[in-house]
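Participant: here is the input, now give the coordinates:
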Amino acid sequence: MAQETYGQTWNKLLLYAPACPTALAREMVRQAYRSVIDAHYWSELRQDDEIYVKATYNTGTVDLTNGSATVTGSGTNWTSDPHLYQQFAVGTRTPWYTIIAVNDVDDITLDRPYTGADVSGGLYTIGSWYLEFPTDLSVIEEVRDKDNNWKITSHYYNQQYLDRIDSSRQSSGTPVCIVPAPPRTDTNGDLIPRYELWPRTSEKTYLYRYYKNHDVTDNTDRFIDAISSETVLYKALSLLAMWPGTADQPNPLFSPDNHRMYNSQFEEKLRDAIVADHDRAQLMIDYNDTGLRYPADSKFFQTHPL
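Facilitator: Numbers count the residues shown, from 1 in each chain. Model (predicted):
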């Protein structure tokens, strides 16, 4: 059976409270759907992809002035591909900056003014230290190093941890973890998710799996198949029960009891949907490989059955 649309669901909500403004009904359904999406990592939203860590670049020398975001090069031969949105550092010093414009072969613009001492004819490095991921990324499930046949840790660590163990980011080699980095805002105002691999590496492709964001914004958008419209509707009704209505047309559903009743029905429907999604994706068995994240390969599991 075809899944109901966002528009059909908020129109159904209006049947319970005709006095509810259309814009409010739409927003309640949108918020309800977001609550459902955030409650579980839905198998339909899993996506496989790969990301390439570009080679570092340090040809030529640079001049920088304190307080200016412009970098002037000599013999640098910069190009937009691949240097745009890569990171820039003078020598081996931190902090590093993101290149937001390649104006010429010897002229780039950083994402913020340079704060160090003036540099004339200095050494520099450009590298892929903040890897950029799709804008629809919600959370990374795993990153795989296919050459070494292991999984890179994508949980438990953060920038503060890396700052404590390697504040100047001098370590290089085979990465063992990937941590969230500050996102970049593109020209449309959208946030570009960025992550940092540690230790640093270059010229290497990694496979990863992530969960996508999913939202509904117009009448034609459908919910994902794992989520029934009734699940979203009950959550929207629980929100509607908290709206008193207007002075001329009070909301007949407005009451704490109705809110609790609809929220209880929503939670029951949500549990059923999550169980069904586990069955659909065969996720009921959870392999806890926290201690085996790096050395455990296919041979290990073949010789050590669970």
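Participant: tell me the confidence at Ala2?
Facilitator: Listed pLDDT for Ala2 reads 52.
Participant: which stretches of the stretch 1-150 of the chain form strands?
Facilitator: Remark: strands assigned in the stretch 1-150 of the chain by DSSP state E, counting those that start in this stretch are 46-53, 61-64, 70-74, 87-90, 97-104, 107-110, 119-122, 124-127, 131-132, 137-145, 150-152.
Participant: nope, the stretch 151-300 of the chain is what I meant
Facilitator: With DSSP E, counting those that start in this stretch as the criterion, the stretch 151-300 of the chain has strands at 177-185, 191-198, 204-212.
Participant: helices or strands next to the last one in the packing?
Facilitator: Same thing as strand 204-212. strand 46-53, strand 137-145 (3 or more C-beta pairs under 8 Å, 6 or more residues apart in numbering; DSSP states H and E). C-beta here means a position set from N, CA and C on the backbone, and glycine is covered the same way.
Participant: the inter-axis angle of it versus strand 177-185?
Facilitator: Here strand 204-212 runs at an angle of 70 degrees relative to strand 177-185 (axes from the mean of the first three to the mean of the last three C-alpha atoms, to 10 degrees).
Participant: strand 204-212 - what's its average pLDDT?
Facilitator: 95.
Participant: mind listing the strands that strand pairs with, and their directions?
Facilitator: strand 46-53 (antiparallel), strand 137-145 (antiparallel) (DSSP bridges).
Participant: and the longest one, which residues are buried?
Facilitator: Spelled out, that is strand 137-145. For strand 137-145, burial by neighbour count (16 or more other C-beta atoms under 10 Å) applies to 137-138, 140, 143-145.
Participant: next one: stretch 115-124
Facilitator: 119, 122, 124.
Participant: what's it in contact with?
Facilitator: 58, 61-67, 71, 74, 88-91, 93, 95 (C-beta atoms under 8 Å, 6 or more residues apart in numbering).
Participant: what do you get if the cut-off is 6 Å, keeping everything else the same?
Facilitator: Identification of contacts with stretch 115-124 by C-beta atoms under 6 Å, 6 or more residues apart in numbering yields 61-66, 90-91.
Participant: could you tell me the end-to-end distance of that stretch?
Facilitator: Stretch 115-124 has its terminal residues 15 Å apart, counting by C-alpha to C-alpha, to the nearest Å.
Participant: avg pLDDT for that stretch?
Facilitator: 94.
Participant: just give me how far it sits from the chain centre.
Facilitator: Mean-position distance between stretch 115-124 and its chain equals 34 Å (C-alpha atoms, centre = their mean, to the nearest Å).
Participant: what about the stretch 1-150 of the chain, any weak spots by pLDDT?
Facilitator: Where the stretch 1-150 of the chain drops to pLDDT under 70, the residues are 1-2, 92-94.
Participant: who wins for neighbours among the contacts of stretch 115-124?
Facilitator: Leu64 (24 neighbours; other C-beta atoms under 10 Å).
Participant: tell me if I'm right that it and Tyr114 touch.
Facilitator: Yes: counting by C-beta atoms under 6 Å, Leu64 touches Tyr114, with 4.8 Å between them.
Participant: just give me the closest of the buried residues of strand 137-145 to Ser228.
Facilitator: In terms of C-beta to C-beta, no member of those lies closer to Ser228 than Ser138, at 20.9 Å.
Participant: residue contacts, the closest one?
Facilitator: By C-beta under 6 Å, 6+ apart, the neighbours of Ser138 are 211, 213.
Participant: how far away is it from Tyr33?
Facilitator: From Ser138 across to Tyr33, the span is 14 Å (C-beta to C-beta, to the nearest Å).
Participant: what of Thr125?
Facilitator: Per C-beta to C-beta, Thr125 is found 45 Å from Tyr33.
Participant: that'll do, ta.
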